[in-house]
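Visitor: turn this into a structure:
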Amino acid sequence: MRVTCHSFRAEPLGKAYIELIDACCRVAATFGLIVRESSLALPEGLSRQLERNRPYQSEVLSVQQWPGTVLLGSERALLYRYNVAPGSAAFLASAIDHLFGWVHPQLPEDLCFFRADGSVLLTTTSHERDGYLTLTHEERRIFVGYPTFTENTNQEEEFDSN
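Guide: Numbers count the residues shown, from 1 in each chain. Next comes the predicted model:
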């Protein structure tokens, strides 16, 4: 798949964050959130939110890597994957109002979106305040004009976005 990598000029906040979630939901089939296995105790309010989102949950995987992160040694994390649906998108929009706010222990970490083929659309490393989109030419049209979206950061190339 030919994709280009696009970073953000600034962290998507408020309305820009909601617009980003909406655009990602138009392209992606699933999204993921990370909980470190070494600290599975989540705040009660977040546990309730995750439980409310359970109807959209497609799987929970024990992983050593996810988009943007590779853990060292034997450390593991849980990747919660959810199907994109109006209810799950509403959860993302109401849980927090900025992209890099997905930081443990208050929330799960590193929101990411996946296409139906499993390739990665949005990668974030929240505690490093870093994120980027990998977009096909057709997908770029959806994101054109997005307020914090940069133009190409790489030349278009064959790029494995898994």
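Visitor: please make it C-alpha for all contacts and neighbour counts, starting now.
Guide: OK.
Visitor: average pLDDT across the helix or strand residue 19 falls within?
Guide: Using DSSP states H and E, the element containing residue 19 is helix 14-27. What helix 14-27 shows for mean pLDDT is 93.
Visitor: what does stretch 105-116 give?
Guide: Stretch 105-116 shows a mean pLDDT of 92.
Visitor: quick one on the thing from earlier: given whichever helix or strand comes after the helix holding residue 19, what are its sheet partners and their directions?
Guide: As assigned by DSSP H and E, the chain's next helix or strand after helix 14-27 is strand 30-36. Strand 30-36 pairs in its sheet with strand 77-83 (antiparallel), strand 109-114 (antiparallel), by DSSP bridges.
Visitor: return the most buried member of those.
Guide: strand 109-114 (a mean of 26; mean count of other Cα atoms under 10 Å).
Visitor: so how far is that strand off the chain centroid?
Guide: Here strand 109-114 is found 2 Å from its chain centre; the criterion is Cα atoms, centre = their mean, to the nearest Å.
Visitor: and what of stretch 130-149?
Guide: 14 Å.
Visitor: then that stretch to CSV, C-alphas only?
Guide: The C-alpha trace of stretch 130-149 is given here as CSV (Å, rounded to 0.1, in the frame of the first residue of the first chain):
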residue,chain,number,x,y,z
ASP,A,130,4.1,12.4,19.4
GLY,A,131,1.7,11.2,16.7
TYR,A,132,1.3,10.9,13.0
LEU,A,133,-1.1,9.6,10.3
THR,A,134,-0.1,7.2,7.5
LEU,A,135,-2.5,8.1,4.6
THR,A,136,-3.2,6.8,1.2
HIS,A,137,-3.8,9.3,-1.6
GLU,A,138,-7.5,8.8,-1.3
GLU,A,139,-7.5,9.2,2.5
ARG,A,140,-5.5,12.4,2.3
ARG,A,141,-8.6,14.0,0.8
ILE,A,142,-10.5,13.3,4.0
PHE,A,143,-7.8,15.1,6.1
VAL,A,144,-7.1,18.0,3.7
GLY,A,145,-7.8,21.2,5.6
TYR,A,146,-7.6,19.5,9.0
PRO,A,147,-6.3,22.4,11.2
THR,A,148,-3.2,20.8,12.8
PHE,A,149,-2.3,18.5,9.9
